[in-house]
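J.: Fold the following for me, if possible:
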Amino acid sequence: MSKKMLESDSWMLRRFPDLNPKAIVESGLDERKTIDPEEYRRASWLWKRRPTEITLLIYLLILGIGALGHAIFILFSDPIYLVVYHLLYVAVVVTLVGRFLWSESRYRKWKQDYLRSVARLEEGESRGAAGSAD
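T.: Numbering: from 1, shown residues only. This is a model prediction of the structure:
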C-alpha cells in the first residue's frame, strides 16, 4: 500500500504553523479553488487563540542565576541560610518546570486543533477545485 504524497503547494509545506490562515490560503489560492467560510473563520479564531511562545531561555537564565546564588551562601553565610535558600530554589525550579509543562501542553493542544482546522480548510479548497473541474 503506497503512502499519499503531499502536493507541491500543500499547506504543510508553507511554514505551518508559523503562518496565519489568511497567508496560508493566499499562498495557495488559485482561481479554481474556493474556501469554506466556516472553516476559514474557525482557523482564524484558533489563530487568535495561539498561546505565547515558551521562553525557555528566560527559564534557564533564572535557574542559572539561582544556581550561582548557592555559591554565595556556601562561601559567606551560615549553613541555615544555605538550606533555606536551597529550599526556595527547589520551589522555584518545581514551579518553573510545572509552568513549562503546562505551557507546552497548551501549545501542543492548540497546534493539533489548528492543524485539523487548516487541513479541513485545505480539503475545502481541494473539493472546490474538483467541483469546478466537473
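
J.: Tell me how many other residues crowd the residue nearest to Tyr114 when sequence neighbours are not counted.
T.: Spatially, and ignoring its direct neighbours in sequence, Tyr114 is nearest to Leu46 (4.8 Å; CB to CB, 6 or more residues apart in numbering). Glycine gets a C-beta too; all of them are placed from N, C-alpha and C. Neighbour count of Leu46, defined by other CB atoms under 10 Å: 20.

J.: And for the one 10 residues further on?
T.: Here the count is done by other CB under 10 Å, and Leu56 has 12 residues near it.

J.: Name all residues that make contact with it.
T.: Counting by CB atoms under 8 Å, 6 or more residues apart in numbering, Leu56 makes contact with Phe100.

J.: so how far is Ile65 from it?
T.: 15 Å (CB to CB, to the nearest Å).

J.: quick one: His86 and Gly66 touch, right?
T.: No - contact between His86 and Gly66 fails when scored by CB atoms under 8 Å: they sit 9.8 Å apart.

J.: backbone phi and psi for the residue nearest to Tyr114, please?
T.: phi -70, psi -40 (degrees, to the nearest 10).

J.: that older thread, between His86 and Gly66, which one's more packed in?
T.: Using other CB under 10 Å as the criterion, His86 and Gly66 rank with Gly66 on top: 17 against 14.
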